[in-house]
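1. Sequence first, then the predicted structure, then my questions.
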There are 2 protein chains.
Amino acid sequence: MFIQIEPTSEIPIYTQLANQLIELIATGTLQTSEALPSVRSLAADLGVNMHTVNKAYHELEKKNIIQIIPKSGAVVNEISSTGPSDSQIEHIKQVMKPLIAESIVYGMDKKQILSIATSLISGIRRDEE
Amino acid sequence: MFIQIEPTSEIPIYTQLANQLIELIATGTLQTSEALPSVRSLAADLGVNMHTVNKAYHELEKKNIIQIIPKSGAVVNEISSTGPSDSQIEHIKQVMKPLIAESIVYGMDKKQILSIATSLISGIRRDEE
DNA sequence: CACCTGTTATAATAAAGTTAGAACAGATTG
DNA sequence: CAATCTGTTCTAACTTTATTATAACAGGTG
C-alpha cells in the first residue's frame, strides 16, 4: 500500500489517510470491488492506531466511496457512471469556493486557475487528456 | 461587515472567518489598503472572542493577504499584479489535489470539474467572464 | 490626556485527535 | 469444528487544538 503519513503535519492522520486512499481510487490503483486492507494490518503498516485507520475508512464510507461490510471488510465502490449527486456537487463547490477565492487574491486569473485544475486532473486520469 | 459564523460547524471559527475575509477581498468588497475592523470590534460584532479574530487575522498575514501594523491595525494588501509566487501555487495545488481526486471518484469528468471551477470564478470576479 | 490599537501572558474549559487495551460476534479458512 | 481474521464497541488516558476569559502593556490617534 503506497501511503505516506506525516505525523507532524497539521492535517489529521485520518484525513491524510482518507485523502491518499481517494487518490488511489481515483487513479485506479485501487479498483472497484477491490478489498481494502484490514484496519489492523494497515494500522500496523503505517505505525498508527487501529482506530485512526477505522476513522479514515468511515470518512470514506460517509462519502459513499467505499463500503464497509460488517465483520468482513471494506471494498471500493464503483465510480458513478451516472455522475455525481447534487449533494456531492454541493460539497465540492463548498470546499472549492474558498480555494478559488484564495487563488484570485494571489493574483491568479481564470486561465491560470483552470490550468492548475487541468494539470491535476491529467495527473490523476491520463484518459482525461 | 457581512460575515456569518456557524458556531456548530466542524470548521474552526477562525477558519470560517479567514475564508470569508478572503472572499470579501477577492470580490473587491474589501479593497486594497482598506483597514479591517479592529479585532475587538469584529469580535463583538460576531459574538466571539478577540483572540479568535486575532488568530484569523494572523492566518491571513501568514498568507500575505493582509498586513498587520503593530499597535495600529490591519490593512488589505494589494492583489499581486505579477501573479502568484511559486510557493503560493504549490499551496493551492496541494489543497486542490485531494479535492480533484474526490470529484473524479464521484464520477465527474474533466469538463464538469472545470465547469464548477469556472462558475465559482465567475461568482467572485464578474470581469473574468 | 483619554481612547483605541495590537501584543502578550496566564488560565480555564471544551473539543478533537490519537493511542491503548480489551472483549464481542460474525466471517473465513484450514 | 477450531483457529484466525474481521469490524464493532467500550473504556480510558493523553495530547493537542480551539475557544473563551481577564488582565496588563505600550504605541497610535485625536
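-> Perfect, I can see it now.

2. Quick one: residues in contact with stretch A:78-94.
-> With contacts defined as C-beta atoms under 8 Å, 6 or more residues apart in numbering or on different chains, stretch A:78-94 is touched by A:25, A:32-33, A:63, B:99, B:102-108, B:112, B:116, B:120. For the C-beta atoms, the positions are set from N, CA and C on the backbone; glycine is no exception.

3. Show me how to select, in PyMOL, the buried members of these.
-> Of these, the buried ones go into a single PyMOL selection, burial set by 16 or more other C-beta atoms under 10 Å in any protein chain shown:
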select buried, (chain A and resi 25+63) or (chain B and resi 99+102+103+104+105+106+107+108+112+116+120)
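
4. Going by distance to A:Ile11, which of the contacts of stretch A:78-94 wins?
-> B:Leu99 (13.4 Å; C-beta to C-beta).

5. From A:Asn49, how far out is the closest one?
-> Going from B:Leu99 to A:Asn49 by C-beta to C-beta, to the nearest Å gives 27 Å.

6. do A:Gly28 as well
-> Distance from A:Gly28 to A:Asn49, by C-beta to C-beta: 29 Å.

7. Establish whether stretch A:36-46 and chain B are in contact.
-> No - Stretch A:36-46 does not reach chain B (C-beta under 8 Å from any C-beta of the partner chain); its nearest approach is 13.9 Å.

8. Lowest pLDDT pick from the contacts of stretch A:78-94?
-> Lowest in pLDDT among these is A:Ser33, which has 83.

9. Show the contacting residues for it.
-> A:Ser33 neighbours (C-beta under 8 Å, 6+ apart): A:Val75, A:Val76, A:Glu78.

10. Put together CSV for those, with neighbour count on each row.
-> What follows is the contacts of A:Ser33, written out as CSV (neighbours: other C-beta atoms under 10 Å in any protein chain shown):
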residue, neighbour count
A:Val75, 16
A:Val76, 20
A:Glu78, 11
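
11. and those, which of them are in strands?
-> A:Val75, A:Val76 (DSSP state E).

12. Which single one of the contacts of A:Ser33 is nearest to A:Arg40?
-> The nearest one, if we look at those relative to A:Arg40 and count by C-beta to C-beta, is A:Val75, at 16.7 Å.

13. you'd agree the closest one is up against A:Ile69?
-> Yes - here A:Val75 reaches A:Ile69: they are 6.9 Å apart, a contact under C-beta atoms under 8 Å.

14. Which one of the residues in chain A is closest to DNA strand D?
-> When scored by C-beta to the nearest atom of the strand, chain A has A:Ser38 as its residue closest to DNA strand D, at 3.0 Å.

15. Find the pair from the contacts of stretch A:78-94 with maximum spatial separation.
-> That would be A:Ser33 and B:Leu120, which, of the contacts of stretch A:78-94, are the farthest apart (C-beta to C-beta) at 33.9 Å.

16. For chain A, list the residue farthest from the centre, please.
-> In terms of distance from the mean C-alpha position of chain A, A:Gly107 ranks first, at 27.9 Å (C-alpha atoms, centre = their mean).

17. Buried residues, the longest helix anywhere in chain A. List them.
-> Under DSSP state H, the helix in chain A containing the largest number of residues is helix A:86-105. For helix A:86-105, burial by neighbour count (16+ other C-beta under 10 Å) applies to A:88-89, A:91-92, A:96-105.

18. Centre of the chain to it, how far?
-> 16 Å (C-alpha atoms, centre = their mean, to the nearest Å).

19. cool, stretch A:17-35 as well?
-> With C-alpha atoms, centre = their mean, you get 8 Å for stretch A:17-35.

20. start to end distance for it?
-> Distance between the boundary residues of stretch A:17-35 (C-alpha to C-alpha, to the nearest Å) amounts to 16 Å.

21. can you tell if it touches DNA strand C?
-> No - if you take C-beta under 7 Å from any atom of the strand as the test, stretch A:17-35 misses DNA strand C, and the best it gets is 8.4 Å.
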